[in-house]
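Student: sequence and predicted structure are below.
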Amino acid sequence: MATLDSGKPRDAVEGGPADELPIIREPTVYLVGRSSIEPAEIERFLREHGVQWQTDTAVGAEQLVEMAGRLCYMSYGKGRKTNREYIGHLIEMGHGSVLEHAVWNFVIVGVSRSFTHELVRHRAGFGYSQLSQRYVDESEAGFIEPDCIAEDPELHEIWCHAVRTARDAYRALVRRLQEKFQDVPDRTMRRKLARQAARSVLPNATETKIFVTANARAWRHFIEMRASEHAEVEIRKVAVKILRILQQEAPNIFGDYELVPLPDGTYAARTAHRKV
């Protein structure tokens, strides 16, 4: 839930007093895209190569993983394994490369720059598009407060003071820098020059938005690393949210994960099939 330090909901920020501080304490994850199949082309491939194949799943990602795996041995029509059994065998055997054909796209918001610094370390199988602080004005940006600070009134006040000071400095720098660059004829360029310099005072707590694309194997690695009880709290929250979505999306690929409650009220994910 996103709140102001005054206790008001975050949507009260619009048009509110200039000294209100938008504080965000929970990330939001949007599933915006997924793998789909082309049934006519699949049928044409099977027909032209003299094989038959039927699967019992309607999930595009699960169909693609099975089809790709069967292509390796041209094993279409052989055996009586369900899609769940087939993918389960791949996972048990560690044949993770086949999972790379299934892809999901997420938009993640209500997260800090600290979070994205960690997220973008995941390179293989990932693609990113992030909010640009050079072009987007951060004068009314939200800030992500860690739970361990939010629950302590004294720590909360120290944090709010530091964040508000940084935000006020950013606003003043943007204003003065635009005056400094007033001879630059292009208005967009003036804004960019001012914002890219002023952002240097913004804290890691500043909210950002990021579009993330990854394949199933990459998502599994991310979940194992970041939904672990040893991961940082903010990124663990995001990893658990993504896992919950993917378990609904493709239970045959992500159903082997178990969510375990932790003492701090968050969850960790565990599986017997790591590093697939």
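Tutor: Yes, it's here. On a predicted model such as this, the values are computed, not experimentally measured, just so you know. Residues are numbered from 1 along each chain as shown.
Student: apart from its neighbours in sequence, what residue is nearest L155?
Tutor: With sequence-adjacent residues excluded and distances taken as CB to CB, 6 or more residues apart in numbering, L155 is closest to I149, at 4.5 Å. Quick note: C-beta positions are derived from backbone N, CA and C, even for glycine.
Student: from D168, how far out is the one you found?
Tutor: Remark: distance between I149 and D168 (CB to CB, to the nearest Å) = 20 Å.
Student: can you check A268 too?
Tutor: Between A268 and D168 the computed distance is 38 Å (CB to CB).
Student: equivalent analysis for A162, please.
Tutor: For A162, the distance to D168 - CB to CB - is 11 Å.
Student: equivalent analysis for T266, please.
Tutor: T266 is 32 Å from D168, by CB to CB.
Student: the spatially most distant residue from the centre of the chain: helix or strand, and which one exactly?
Tutor: Most distant from the centre of the chain: G50, at 41.8 Å, with distances by CA atoms, centre = their mean. Counting by DSSP states H and E, no helix or strand carries G50.
Student: quick one, phi/psi of it?
Tutor: Backbone torsions for G50, taken as degrees, to the nearest 10, come to phi 60, psi 30.
Student: then V32?
Tutor: Taking degrees, to the nearest 10, you get phi -110, psi -10 for the backbone angles of V32.
Student: tell me the pLDDT of it.
Tutor: Looking at V32, its pLDDT is 98.
Student: isn't it right next to N105, touching?
Tutor: Yes: between V32 and N105 there is a contact at 5.1 Å, judged by CB atoms under 8 Å.
Student: same drill for the two, tell me which one is more crowded.
Tutor: Using other CB atoms under 10 Å as the criterion, V32 and N105 rank with N105 on top: 15 against 12.
Student: and for that one, nearest residue in space, chain neighbours not counted?
Tutor: Excluding the flanking residues, the one nearest N105 by CB to CB, 6+ apart is G33, at 3.3 Å.
Student: buried set for the strand or helix carrying the one you found?
Tutor: In the assignment (DSSP H and E), G33 maps to strand 28-34. Buried residues in strand 28-34, defined by neighbour count with 16 or more other CB atoms under 10 Å: V29.
Student: average pLDDT for stretch 69-89?
Tutor: Averaged over stretch 69-89, pLDDT sits at 92.
Student: please give the centre-to-centre distance between that stretch and its chain.
Tutor: Here stretch 69-89 shows a centroid-to-chain-centroid distance of 31 Å under the convention CA atoms, centre = their mean, to the nearest Å.
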